[in-house]
Structures are given as C-alpha cells and as structure tokens.
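Everything below, folded, please.
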Amino acid sequence: MIESLEGRTAVVTGGSRGIGKAIAARYAAAGANVVIVSRREESLRAAAAELGERAAWYAASVRDPDAPERTMRLAVERFGGIDILVNNAAVNPFFGSLLEISAEQLAVTAEANQAAPLLWTQAAVAAGLGRTGGGAVVNVASIGGLVTEPGLGYYNATKAALLHLTRQLAVELAPRVRVNSIAPGIVRTDMARVLWEEHEAEVRSKTPLGRIGEPADVAAAALFLSAPSSSWITGSMLVIDGGMSLL
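Numbering: from 1, shown residues only. From the prediction side, this is the model:
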C-alpha cells in the first residue's frame, strides 16, 4: 500500500538529523509539507535543502516557551494549516545512577522529553490541528520506557511518562485527533552512538532480526501512524526494535 499525505502539513521536532530527519523526508516523499525544528540553524538549512520546496524550518529548542506557538504560526502562514505533529526531539544530558543526577539535569531532561511534547501538542491544537478531523500526533518514545536499564534510568523514566501521556491525550483529543507513540530500540543515530558504535556485533547478537535499526525503519512507522490507513488506531504504542525486547 502506498501511503499518501498529499495536501497535509506536518511539524517535526528534532527534524534536522537522525530519526526526525528521516520522518520528515518520508512525509515529504508522501506529499506532505513539512516544518522541521531543531536548535542548529545550519543543520536545519541543510536538511530543508534536501527535503526541497515542501520544507520550511524554525530554529529553536523545544524547551523554548515561545517556540511551539511561533512554529505553528509558521506552518499556518506558509502552508495553510497543520495536520500532523511529531514530537521527536529529546535530550539525555546524564548517564549514570539515579542517585547522582543533578537537579539541573533532571529539569532539562523532563522539560525536553516529557513537558515539551504536551506543550507542543497544546500549541498544535490551538493552531487548528484536528479542526476538521483527521489530525495526528506521533510521539517518539523508546523501548527504554518499558524496562529498567543501567545508566539511562531518568531518560527512560521520561519516555515512560511520554507513553502514558500518549494514552491520556488519545482520550482527550478523540475523535478529531489521533495520538500514538513509537518505541524504537537501538537505532543508528548520533544520539544513540554510545549504545552501538563500539558494540555493534553484540547488539546484533541480541536482536532477533539480526541488525541495528535505521532511522528509515522508524520513519516508515511514523508515516503509517499519520496516514489514513491507521484511522482507527489511537492511544497505541508501536515497538520498533528488531525483536530486542522479546529476549
């Protein structure tokens, strides 16, 4: 089945590289207009140039309190509205025991990974997401939100919160907006480099499908959850990890 997003507009946070960039590219290829958001203007310009005339960009941290409204205004002014929001941006400033994480690191992680998806969803709805039905929100969480894991305890806690937030928003925004989440495993991105770069053979051996995930694997799922073929799916989590969480 060929999924089409023709005539629709998507906002993708963390959209200049990795999973976010792959999602934006998949959406654009399916006919959508895309507004990508990240902190680095140079990376945004380069990504938008690759995406072509269907793309616009806005440089800001997802923690910037003014960024959600300004980005939605850009989407409306440039493309006439907003139909899809992908909450993909995330940070992980700390690796280690929960007993050692600082208050500042706690705040930054919670603001970006847990609070921002809600605030960006609020702004999208205020800007017209789902006004005529058919709106979609896709939250990029992690299989870490389902397990305990040394070193990533608080990052995973925020992803667990995002999974629950997805279900809550699915109830509150139905029937005009569907809200679903994706829980990737280890994907070949810069952010996850520490988890795979020097351990690729070990990661493959612990993955039933025998390989590390690629951003395109997650992008395909995001396209499905945003397209008409998933119109009776909301509040769901789609695990994309090559079967790693089965072992």
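
Which residues does the lengthiest helix in the chain contact?
Criterion DSSP state H: the longest helix present in the chain is helix 153-173. If you take Cβ atoms under 8 Å, 6 or more residues apart in numbering as the criterion, helix 153-173 is touched by 87, 90, 92, 94, 97-98, 101, 105-106, 109-110, 113-114, 117-118, 121, 125, 130, 135, 137, 139, 141-142, 144-149, 177-181, 183, 234-235, 237. Any C-beta I mention is one placed from the backbone N, CA and C, and that applies to glycine too.

What's the local residue count around the residue lying closest to Ser97 once chain neighbours are set aside?
Spatial nearest neighbour of Ser97, chain neighbours left out: Gly153 (7.3 Å); criterion: Cβ to Cβ, 6 or more residues apart in numbering. Other residues within reach of Gly153, judged by other Cβ atoms under 10 Å, total 17.

just how off-centre is stretch 106-121 within its chain?
12 Å (Cα atoms, centre = their mean, to the nearest Å).

And the residue most central in space within the chain, what's its pLDDT?
Most central in the chain under Cα atoms, centre = their mean is Asn88, positioned 2.2 Å from the mean C-alpha point. pLDDT recorded at Asn88 is 98.

Tell me if I'm right that it and Ile19 touch.
Yes. If you go by Cβ atoms under 8 Å, Asn88 and Ile19 touch, sitting 5.9 Å apart.

Name the residues contacting each of the two.
Val140.

Is Asn87 bridged to anything, and to what?
Asn139 (DSSP bridges).

Name the surrounding residues that touch the lengthiest strand in the chain.
If you go by DSSP state E, the chain has its longest strand at strand 177-184. Strand 177-184 has contacts (Cβ under 8 Å, 6+ apart) with 19, 121, 125, 129-130, 135-143, 145-146, 159, 162-163, 166, 169-170, 173, 213, 217-218, 221-222, 225, 230-231, 233-241.

SS state for the residue nearest to Leu51 when sequence neighbours are not counted?
Computed as Cβ to Cβ, 6+ apart, the closest residue to Leu51 that is not its neighbour in sequence is Ala28, at 4.9 Å. The local conformation at Ala28, judged by DSSP: H, G, I helix; E, B strand; the rest coil, is helix.

Which neighbouring residues are in contact with Ala47, exactly?
15-17, 21, 24, 36, 55, 57.

The residue nearest to Leu51: neighbour count?
With other Cβ under 10 Å as criterion, Ala28 counts 21.

List the backbone torsions phi and psi for the residue lying farthest from the centre of the chain.
The C-alpha centroid of the chain is most remote from Leu99, which lies 28.3 Å away (Cα atoms, centre = their mean). Backbone torsions of Leu99, given as degrees, to the nearest 10, read phi -70, psi -10.
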